[in-house]
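K.L.:
model the structure of this input:
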Amino acid sequence: MIALGISQAKAAPLNVDNGADLTDIASRLQIIFGGRFEVLRPLAIGGMATIFQLRHRLHKGLFVAKVLHPRLAGKPGIIRSFRAEAAHAARLGGHPNAVPVFDFGELDGLFFMTMPYIEGEDVDKLLQRNGPLSRAETLDFAAQISSLLSFAETEGIVHCDLTPANIRLDIFGLYRLLDFGISHSEACGRERSFRGGTPLYTSPEQLRGETPDFRSDLYSLGAILAEMLTGLPLFHAETLDEIDRKHLKGDWKLPPAVTQDKAIKHLLEKLLATKREDRFQSAFEVSGALAGLGFSRPEFRERLAIPATAKAPIKTVRRARLSAE
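P.N.:
Model (predicted):
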């Protein structure tokens, strides 16, 4: 799974040994778009897809196309996952902290989706450059992402893989969730390959192979908040198995500079509870707790009046279908 945008934009060569000739893919994209877009360059290459930066030929706006590797076009499960990702992103696209999908389709075995290019800096890079964020910056981040997760709950969508690498701070001060690559029940928490690179943010129930729900995303949010406040990951371990054990045991400690703030300590303890029954039971509850600390998103403040039980956590994620035509 890869995130959209510049976080992994290392000017990848147009011909790489990933099972696809990227020059050929770029040419096929030009045909698909009928000359409306100029394909500028690949931004990121992952195990399932390549991200290309596009520029509209008339108004010069920047976009991205996420293109499934052609070698995967014959795998029905992966095609379903790709379509579900596009559907989920489209359904959440009206939220200011999401990235809308403008188009999705397939031509001669090339599956793609297009969305705006988000200029800014990914949270993981921000932390590497700046170190810990302030209390106010961290709680503002929490308010924005919990607002998005609340909206996702109303749509029955569980993300399953929140990390600092797939959230970007844009140039307007909004944190944007960039990737919905495994936001469906078949992949989420089932196969370690889908967790590659992000074990530090995986909930205990996912590690146990249980079906995740909205509270699993809240655990990941808590791990990110702890890292933002300290500048360090929640756990330090030499192996993935050791990280897993620490998640399962709740073996995390924060410095006194963080835990002496009782409100922060309570917030993190509720988000990072090993048993999901002991966590906040919805993102609406998190938003309410943050509003009590003076942090909420004004444009969604009225949503806080919705009871937390309005959308109870579900055991399986509703799978939306998006036509490829």
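K.L.:
can you list the buried residues in the longest helix anywhere in the chain?
P.N.:
If you go by DSSP state H, the chain has its longest helix at helix 135-154. Under the neighbour-count criterion of 16 or more other C-beta atoms under 10 Å, helix 135-154 has 135, 138-153 buried. The way it works is simple: take the backbone N, C-alpha and C, and place the C-beta from them, glycine included.
K.L.:
ditto for stretch 77-97
P.N.:
Applying 16+ other C-beta under 10 Å to stretch 77-97 flags 78-79, 81-92, 95-97 as buried.
K.L.:
circling back: tell me which residues are up against the longest helix of the chain.
P.N.:
Helix 135-154 has contacts (C-beta atoms under 8 Å, 6 or more residues apart in numbering) with 92, 95, 97-98, 123, 133, 158-159, 162, 167, 174-175, 177, 214, 217-218, 221, 224-225, 228-229, 261, 264, 267, 282-284, 286-287, 290-291, 293, 295-297, 300, 303, 310-311, 313.
K.L.:
how long is stretch 51-61 from one end to the other?
P.N.:
Separation of the first and last residues of stretch 51-61 by C-alpha to C-alpha, to the nearest Å is 16 Å.
K.L.:
make that stretch 127-145, sorry
P.N.:
With C-alpha to C-alpha as the measure, stretch 127-145 spans 17 Å from end to end.
K.L.:
how about stretch 233-244?
P.N.:
Distance between the boundary residues of stretch 233-244 (C-alpha to C-alpha) amounts to 14 Å.
K.L.:
so which of the contacts of helix 135-154 sit within helices?
P.N.:
Checking those against DSSP H, those in helices are 92, 123, 214, 217-218, 221, 224-225, 228-229, 264, 267, 283-284, 286-287, 290-291.
K.L.:
for ChimeraX, what selects the buried ones among those residues?
P.N.:
Selection of buried members from the ones in helices among the contacts of helix 135-154 for ChimeraX, criterion 16+ other C-beta under 10 Å:
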select :92,123,214,217,218,221,224,225,228,229,264,267,283,284,286,287,290
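K.L.:
can you flag which of the buried residues of stretch 77-97 belong to strands?
P.N.:
Among the buried residues of stretch 77-97, none falls in strands (DSSP state E).
K.L.:
re earlier: the longest helix of the chain to helix 214-230, inter-axis angle?
P.N.:
Orientation check (axes from the mean of the first three to the mean of the last three C-alpha atoms, to 10 degrees): helix 135-154 against helix 214-230 gives 170 degrees.
K.L.:
chain center to helix 135-154, what's the gap?
P.N.:
Put simply, helix 135-154 sits 13 Å off its chain's centre (C-alpha atoms, centre = their mean, to the nearest Å).
K.L.:
same question, stretch 244-256
P.N.:
On C-alpha atoms, centre = their mean, the centre of stretch 244-256 falls 23 Å from the chain's centre.
K.L.:
where does the stretch 101-250 of the chain dip in pLDDT?
P.N.:
Within the stretch 101-250 of the chain, the stretches with pLDDT under 70 are 180-197.
K.L.:
that older thread, helices - which of the buried residues of stretch 77-97 land there?
P.N.:
Assigned to helices by DSSP H, the following of the buried residues of stretch 77-97 qualify: 78-79, 81-92.
K.L.:
turn those residues into CSV, including distance to Val67 and pLDDT.
P.N.:
Formatted as CSV, those follow (distance: C-beta to C-beta, whole Å; pLDDT from 0 to 100):
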residue, distance to Val67, pLDDT
Ile78, 13, 89
Ile79, 13, 89
Ser81, 14, 85
Phe82, 10, 88
Arg83, 14, 88
Ala84, 17, 86
Glu85, 13, 85
Ala86, 12, 88
Ala87, 17, 88
His88, 18, 87
Ala89, 15, 86
Ala90, 17, 87
Arg91, 21, 86
Leu92, 21, 85
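K.L.:
turn these into a markdown table, columns for distance to Gln128.
P.N.:
Conversion of these to a markdown table gives the following (distance: C-beta to C-beta, whole Å):
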| residue | distance to Gln128 |
| --- | --- |
| Ile78 | 31 |
| Ile79 | 35 |
| Ser81 | 30 |
| Phe82 | 30 |
| Arg83 | 34 |
| Ala84 | 31 |
| Glu85 | 27 |
| Ala86 | 30 |
| Ala87 | 33 |
| His88 | 29 |
| Ala89 | 26 |
| Ala90 | 32 |
| Arg91 | 32 |
| Leu92 | 27 |
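K.L.:
now flag whichever of those is closest to Leu62.
P.N.:
Comparing these against Leu62 with C-beta to C-beta places Ala89 closest, at 17.6 Å.
K.L.:
ok, and the closest non-adjacent residue to the closest one?
P.N.:
What sits nearest to Ala89 in space, not counting adjacent residues and going by C-beta to C-beta, 6 or more residues apart in numbering, is Val101, at 4.5 Å.
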